[in-house]
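the following comprises the amino acid sequence and a computationally predicted model.
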Amino acid sequence: MIAIGIGANSRAEQHDFAMALDSARRDAGGADIVAAFEAAAFAPQAQEAARRASLSYCAVTLDAMRARNDDCQTRSERALSLFRVASMAEAAALAGAGSGSRLIFPRRIIGNVTIAAAQSADELERGA
């Protein structure tokens with residue numbers, strides 16, 4: 001399974017999410033779910049973008065994101081100061097892909113949205 005993690009700033013609009021998801025799916029070689037922090041102000045927009053892309057949506061808890069903090073490859077000082085999470089997009093992707101998952105690509109900024117992708121451990125074991 002491939003999870004696309006999403007983060008966004010307050011200026012993000014619906015088309016920003018669609019554009020970022022399209023880019024992430026291309027770069028990751030597909031996607032199965034979109035994952036985002038459950039309490040994010042942009043969560044409804046991320047959920048709608050996932051629905052329009054025919055992907056499942058996974059709301060991720062802050063505790064689940066913090067549990068994957070050491071696996072993040074990039075650091076956002078803002079995310080660290082507000083949530084004690086190195087990268088909201090990376091942590092959401094890793095948490096959404098499950099235990100033992102690994103990043104396919106680290107956080108990328110596309111306009112007002114950040115994306116990252118992670119692959120589940122079961123696919124890693126199969127060599128997918």
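Arrived safely.

Ala92 sits in which helix or strand?
Assigned by DSSP states H and E, Ala92 falls within helix 88-97.

list the buried residues for the helix or strand following that helix?
Using DSSP H and E, the helix or strand that follows helix 88-97 in sequence is strand 102-110. In terms of neighbour count (16 or more other C-beta atoms under 10 Å), strand 102-110 has its buried residues at Leu103, Ile104, Phe105, Pro106, Arg107, Arg108, Ile110. From N, CA and C alone the C-beta is placed, and that goes for glycine too.

show me the contacts for the second one.
Right, Ile104. Neighbouring residues of Ile104 by C-beta atoms under 8 Å, 6 or more residues apart in numbering: Ile2, Asp27, Ala28, Gly29, Ala117, Ala118, Gln119.

those residues, buried ones only, as a PyMOL selection?
A single PyMOL command selects the buried members of the contacts of Ile104 (16+ other C-beta under 10 Å):
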select buried, resi 2+28+117+118+119
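
mind putting the contacts of Ile104 in TSV, secondary structure, pLDDT and distance to Ala46 included?
Formatted as TSV, the contacts of Ile104 follow (DSSP: H, G, I helix; E, B strand; the rest coil; pLDDT from 0 to 100; distance: C-beta to C-beta, whole Å):
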residue	secondary structure	pLDDT	distance to Ala46
Ile2	strand	97	16
Asp27	helix	94	18
Ala28	helix	94	16
Gly29	coil	94	21
Ala117	strand	98	14
Ala118	strand	98	16
Gln119	strand	97	20
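
closest to Ser87 out of the contacts of Ile104?
Ser87 has its nearest neighbour among the contacts of Ile104 in Ala118, at 11.3 Å by C-beta to C-beta.

surely the closest one touches Ala31?
No - with contact taken as C-beta atoms under 8 Å, Ala118 and Ala31 are classed as non-touching, separated by 10.3 Å.
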